[in-house]
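Trainee: Kindly generate the corresponding structure for this input.
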Amino acid sequence: MTFSEQLWLVLIQSTSTALLVTVLGSVAVTSWTARRERGRAAFETRTKLLDDIARVGQGTYVFMQHTRRQILRASGESDRREVLRALDQRFLDFSVEAAQIQTLIGARFGVERAVPPQDHTELPPFLRWHQVHDLLALYYYNLKEDFPGIVLAETSRGHGGNYHSGLDLGTYADKNNLDGEKLRRMRVDIRTTYDEAMIDLARGIMTSSIAGM
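Mentor: Numbering: from 1, shown residues only. The predicted model follows:
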């Protein structure tokens with residue numbers, strides 16, 4: 001092979017190598033960009049859900065705490081009825097938005113209602129949000145001192161094989177015998193369980209796999 005032919009061969013090899021590196025580099029960049037976009041989309045989905053959960057769930061919880069203080073300060077039955085009317089409207093608004101959030105969580109993370117085989121500190125987001133909803137429903141009825149129908153049974157852990165509030169409400173089964181002390185103990189149980197549920201819900205939203213991402 002002449003020097004000229006060798007030179008052309010080296011040039012061809014160099015060009016081919018450079019082209020291959022360019023193609024592989026382009027593929028790697030495209031793949032990295034796609035992963036980055038998926039990661040950003042997932043993060044935005046998670047944070048948007050957390051914003052809605054905090055606004056709807058935590059906002060309603062704080063409203064109920066404030067309602068409890070207003071009931072205690074009410075100067076008469078008329079004042080108490082006015083406070084409870086505001087509570088009724090807030091709970092109605094909460095129920096509508098909570099149903100929307102539950103649908104979104106189910107679509108993103110899957111639907112699960114069943115009682116776990118044993119106590120867990122970490123549960124799927126759908127289960128936790130459903131629990132938060134039932135706990136706030138119990139808080140609402142507790143403040144009104146009225147549990148219509150079988151609401152205590154329906155929100156008790158294990159009813160129909162589902163998790164619901166996560167509380168065993170058997171001790172409060174007789175709704176006609178709920179004196180002030182039992183209502184107080186129920187509020188303590190609700191608040192403690194609610195705080196734990198919200199912490200785990202935030203963890204689950206930020207770490208659980210999102211469908212399609």
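
Trainee: From now on I want contacts and neighbour counts done on CA atoms only, so please keep to that.
Mentor: Will do.

Trainee: quick one: L135 and Y194 touch, right?
Mentor: Yes. With contact defined as Cα atoms under 8 Å, L135 counts as touching Y194 (6.6 Å).

Trainee: Tell me where the model's unsure across the protein.
Mentor: Low-confidence segments of the chain, defined by pLDDT under 70: 1-35, 38-39, 117-121, 173-176, 212-213.

Trainee: so where do the helices sit in it?
Mentor: 3-53, 59-73, 77-109, 125-144, 151-154, 180-207 (DSSP state H).

Trainee: Need the winner for burial among the ones you listed.
Mentor: With neighbours taken as mean count of other Cα atoms under 10 Å, these reach their highest mean count in helix 125-144, at a mean of 23.

Trainee: other SSEs contacting it?
Mentor: Applying 3 or more Cα pairs under 8 Å, 6 or more residues apart in numbering; DSSP states H and E, one finds that helix 125-144 makes contact with helix 59-73, helix 77-109, helix 180-207.

Trainee: who touches that helix?
Mentor: 57, 60-61, 64, 68, 84, 87, 91, 95, 98, 102, 105-106, 109-113, 147, 152, 155, 163-166, 183, 186-187, 190, 194, 197-198, 200-201, 204-205, 208 (Cα atoms under 8 Å, 6 or more residues apart in numbering).

Trainee: hmm, try it at 7 Å
Mentor: The contact list for helix 125-144 (Cα atoms under 7 Å, 6 or more residues apart in numbering) reads 61, 68, 98, 102, 105-106, 109-113, 147, 155, 164-166, 183, 187, 190, 194, 197, 201, 204-205.

Trainee: Alright, I will stop here.
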